[in-house]
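K.L.:
Structure here, sequence nowhere to be found:
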């Protein structure tokens, strides 16, 4: 049985963020993270599969679950992409809003390391798949589900960057709403001519 | 000076596609690829940085260059996302259209291997950056440039999948056009209520 560790995950993540900022991601060892958190290396691996994962888990899993839950609740009443953005907003309120500083520090660490960027890209692909699956389960056709999921994740990525980088102190849910409007504006700009005639 | 190697790159890529299909990506060595192509391992590394790269280079660099070139030509006359899609269509005509079979086989190999998926995601991020940079150089504001680049790469990814997977025999440029229309339809669907009031 694991030792009693009040908020072991939180302590390990706080320690990891400190050490990655001080020494860089590559030069920090799992043993050092565990030591800084007052825990054992074994305990680290009870919570995280590897050193990278301490920056992703469990928030990315929680985000996927919340978004899928909201899509299931809302997909009958809203068009697919709006249901997705509502889901992302629910996750923003429930898990990200209170953690802006940690999310911002985490963002700079990821930006400085190609291995971490790869993990970030992979998590984004997994979120896209989870969203597309939730939409399909509500009867949305496969092509529309995938396109809506991709558009939603694009909105999420853009909003997250603005939320962490902007001097304006606005909640993430508003940046999500703004990013959706921004995307709508870009997509809506058209010369009126169709750039290539489609044959069907 | 390198030995004279008529189309060394093409021979290495054809050999790699064969071997990856026969033995899987992981069990194939660079030495085997070179041998099948009738070349040396050294010659492989003259053309490709690593085993993964044989599936990506030089088409992804060529694609980036063509897209950036077209954006520079068209960004004054077209809205940003349409300029991006025109660029993607030019690359479709110039480099992908004649290679549908190879692109399709390459797609199945990548799908089966997480390491290759990571490289694919990374190449997509690099393409996104190149597009955003080209738009900024034509005076498009940074936020719009990034959002348009991301939307364009989403269109590219979706069109590429449909082109390689569909039973319909239509040119990639048409799938690009269709994916843009599909995205426009999804983004345009709205309840009319703004899902969250923005404060500004």
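P.N.:
Everything's here; your move. What you see is a predicted model, and the numbers here were worked out from it, not measured in a lab.

K.L.:
ranges for the strands of chain A?
P.N.:
Read by DSSP state E, chain A holds no strands at all.

K.L.:
domain parsing for it?
P.N.:
A:8-51, A:56-178 (automatic domain parsing).

K.L.:
so who does residue A:19 touch?
P.N.:
A:28, A:32, A:33, A:36 (CB atoms under 8 Å, 6 or more residues apart in numbering or on different chains). C-beta coordinates here come from the backbone N, C-alpha and C atoms, glycine included.

K.L.:
mind checking how far the nearest residue to residue A:121 once chain neighbours are set aside is from residue A:13?
P.N.:
Spatial nearest neighbour of residue A:121, excluding adjacent residues (CB to CB, 6 or more residues apart in numbering or on different chains): residue B:121 at 3.9 Å. Separation of residue B:121 from residue A:13 (CB to CB, to the nearest Å): 24 Å.

K.L.:
go on, residue A:141?
P.N.:
Separation of residue A:141 from residue A:13 (CB to CB) stands at 39 Å.

K.L.:
contacting residues around residue A:15?
P.N.:
By CB under 8 Å, 6+ apart, the contact set of residue A:15 is A:33, A:34, A:36, A:37.

K.L.:
dump the residue contacts of the first one.
P.N.:
When you say that, I think you mean residue A:33. Going by CB under 8 Å, 6+ apart, the list of residues near residue A:33 reads A:12, A:15, A:16, A:19, A:44, A:51, A:54.

K.L.:
Mind pulling up the pLDDT for the spatially most central residue of chain A?
P.N.:
Centroid check for chain A by CA atoms, centre = their mean gives residue A:60 as the closest residue, at 5.6 Å. Note for residue A:60: predicted pLDDT of 94.

K.L.:
Tell me the spacing between the residue nearest to it when sequence neighbours are not counted and chain B.
P.N.:
Closest residue in space to residue A:60, ignoring its immediate chain neighbours: residue A:123 at 4.9 Å, by CB to CB, 6+ apart. To chain B, residue A:123 is 10 Å away according to CB to the nearest CB, to the nearest Å.

K.L.:
same deal with residue A:65?
P.N.:
Residue A:65 sits 21 Å away from chain B, going by CB to the nearest CB.

K.L.:
same thing with residue A:42?
P.N.:
For residue A:42, the distance to chain B - CB to the nearest CB - is 26 Å.

K.L.:
Count the residues that sit near that residue.
P.N.:
10 (other CB atoms under 10 Å in any protein chain shown).

K.L.:
again, but for residue A:168
P.N.:
11.

K.L.:
Low-confidence ranges, chain A, go.
P.N.:
Scanning chain A for pLDDT under 70 picks out the ranges A:1-6, A:192-200.

K.L.:
at 80 what do you get?
P.N.:
For chain A, the stretches flagged by pLDDT under 80 are A:1-6, A:191-200.

K.L.:
ranges for the helices of it?
P.N.:
Taking DSSP state H as the test, the helices found in chain A are A:8-23, A:30-36, A:41-47, A:59-74, A:80-91, A:100-111, A:114-137, A:142-165, A:172-188.

K.L.:
so which of those gets nearest residue B:168?
P.N.:
Set against residue B:168 and scored by CB to CB, those come closest in helix A:142-165, at 13.2 Å.

K.L.:
buried sites along the closest one?
P.N.:
Buried positions in helix A:142-165, judged by neighbour count with 16 or more other CB atoms under 10 Å in any protein chain shown: A:143-160, A:162-164.

K.L.:
ok so, going back, any idea which of the contacts of residue A:33 is closest to chain B?
P.N.:
Comparing the contacts of residue A:33 against chain B with CB to the nearest CB places residue A:51 closest, at 16.6 Å.

K.L.:
Quick check: closest non-adjacent residue to that closest one.
P.N.:
Spatial nearest neighbour of residue A:51, chain neighbours left out: residue A:30 (5.5 Å); criterion: CB to CB, 6+ apart.

K.L.:
same question, residue A:158
P.N.:
residue A:179 is the one closest to residue A:158 (CB to CB, 6+ apart), at 4.3 Å.

K.L.:
The one you found reaches residue A:163, doesn't it?
P.N.:
No. Under the criterion of CB atoms under 8 Å, residue A:179 is not in contact with residue A:163, lying 9.7 Å apart.

K.L.:
Please determine how far the residue nearest to residue A:51 is located from chain B.
P.N.:
From residue A:30 over to chain B the distance is 22 Å, taken as CB to the nearest CB.

K.L.:
same question, residue A:117
P.N.:
On the measure of CB to the nearest CB, residue A:117 and chain B end up 7 Å apart.

K.L.:
can you pull the contacts of the closest residue to that residue other than its chain neighbours?
P.N.:
Leaving aside its chain neighbours, residue A:117 sits nearest to residue A:110 (6.1 Å; criterion: CB to CB, 6+ apart). Neighbouring residues of residue A:110 by CB under 8 Å, 6+ apart: A:55, A:116, A:117, A:119, A:120.

K.L.:
Adding neighbour count, write those residues out as TSV.
P.N.:
What follows is those, written out as TSV (neighbours: other CB atoms under 10 Å in any protein chain shown):
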residue	neighbour count
A:55	25
A:116	20
A:117	16
A:119	19
A:120	22
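
K.L.:
Just give me the closest of those to residue B:75.
P.N.:
Using CB to CB, these come closest to residue B:75 at residue A:117, 27.9 Å.

K.L.:
didn't that closest one look like it was pressed against residue B:124?
P.N.:
No. Residue A:117 lies out of contact with residue B:124 (CB under 8 Å); the separation is 11.9 Å.
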